[in-house]
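*Asks:* Turn this into a structure:
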Amino acid sequence: TWGVWTCKDSSSWRGEYACTHVVKKHEADITDLSVHPLGDYFTTSSMDKSWALHDLTTGRCVRHLREQPSGFCCMKFHPDGLIIAGGTEESSVTIWDIKDQVVVATLPGHEGAVDTLSFSENGYYLATGARDGTVKLWDLRKPINMQTLQIAKAGGPVNTVRFDSTGQYLAIGAETVQVYNFVTKSSLELTVELKDHGKAVMGVCLGTNAAKLASVSMDRTLRFYQPGAAV
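*Replies:* Numbering: from 1, shown residues only. Below you'll find the model as predicted:
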């Protein structure tokens, strides 16, 4: 199940929260949740081979697409809110048209389940990370695989990918934290690798203009980075 929580004091996130809706549409693990850019809807994806669209205000399920070919490991809205991308346990990425609920593109190429994905803010690019230890960069205007990065050298999974708000930088969490930047319009290059965590990195987030970075790990630590310093 998924719960939707609302803060009783809208002026402060530190206020008391109450659960307003509980999602019980899925029959297996819910793997991801993504809120629409306008903030009025959200999707849930599941290993039960389905995904659902919900009204964030009422909690009502608007659409539930069942009996898909594969379970979904992750799912995110495109910045324009018109399409969504879902990473599957069968190593592909499926792009859906929200309005018509039809598949508009399938992106094959990974050799392991696709556990994480991120759109660039301009909507042109999609980064996908999988259990094969690679990150693939896609140009959605084609669509083609522009570049494949071998991230986890020991063959471990890529757990998280995240573009910054400018779309210039891509942060990746696997055995370490790696930050890449676009050196050309079609290729990324490693900027820095951060090896402070003792276990797998499960989440990363870049601040404004990629000036700061936060990462969380299975070593039970949250780390904050900025040029010349780490906490």
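*Asks:* bridging residues for Asp97?
*Replies:* Following DSSP bridges, Asp97 is listed with bridge partners Ile83, Val102.
*Asks:* That one against Ile83, yeah?
*Replies:* Yes - with contact defined as C-beta atoms under 8 Å, Asp97 counts as touching Ile83 (5.9 Å). The C-beta positions use only the backbone N, C-alpha and C, and glycine is treated the same way.
*Asks:* who's more crowded, the two?
*Replies:* More crowded of Asp97 and Ile83, by other C-beta atoms under 10 Å: Ile83, with 18 against 13.
*Asks:* give the contact list for the more buried one.
*Replies:* Contacts for Ile83 (C-beta atoms under 8 Å, 6 or more residues apart in numbering) come out as Phe77, Ile95, Trp96, Asp97, Ile98, Val104.
*Asks:* In contact with the fourth one, which residues?
*Replies:* Counting by C-beta under 8 Å, 6+ apart, Asp97 makes contact with Leu82, Ile83, Val103, Val104.
*Asks:* on that earlier part again, any chance of the contacts of Ile83 in JSON lines, plus pLDDT?
*Replies:* Below are the contacts of Ile83 laid out as JSON lines (pLDDT from 0 to 100):
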{"residue": "Phe77", "pLDDT": "97"}
{"residue": "Ile95", "pLDDT": "96"}
{"residue": "Trp96", "pLDDT": "95"}
{"residue": "Asp97", "pLDDT": "93"}
{"residue": "Ile98", "pLDDT": "91"}
{"residue": "Val104", "pLDDT": "94"}
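*Asks:* Let me have those residues in JSON lines, adding distance to Val161 as columns.
*Replies:* Output for the contacts of Ile83, formatted as JSON lines (distance: C-beta to C-beta, whole Å):
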{"residue": "Phe77", "distance to Val161": "15"}
{"residue": "Ile95", "distance to Val161": "16"}
{"residue": "Trp96", "distance to Val161": "19"}
{"residue": "Asp97", "distance to Val161": "23"}
{"residue": "Ile98", "distance to Val161": "22"}
{"residue": "Val104", "distance to Val161": "22"}
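*Asks:* If any of the contacts of Asp97 are buried, give me the ChimeraX selection for them.
*Replies:* The following ChimeraX line selects those of these that are buried, judged by 16 or more other C-beta atoms under 10 Å:
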select :83
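*Asks:* What is the most widely separated pair among the contacts of Asp97?
*Replies:* Leu82 and Val103 (14.0 Å; C-beta to C-beta).
*Asks:* right, and Arg131 touches Gly155 too?
*Replies:* No - Arg131 is beyond contact range of Gly155, at 9.3 Å (criterion: C-beta under 8 Å).
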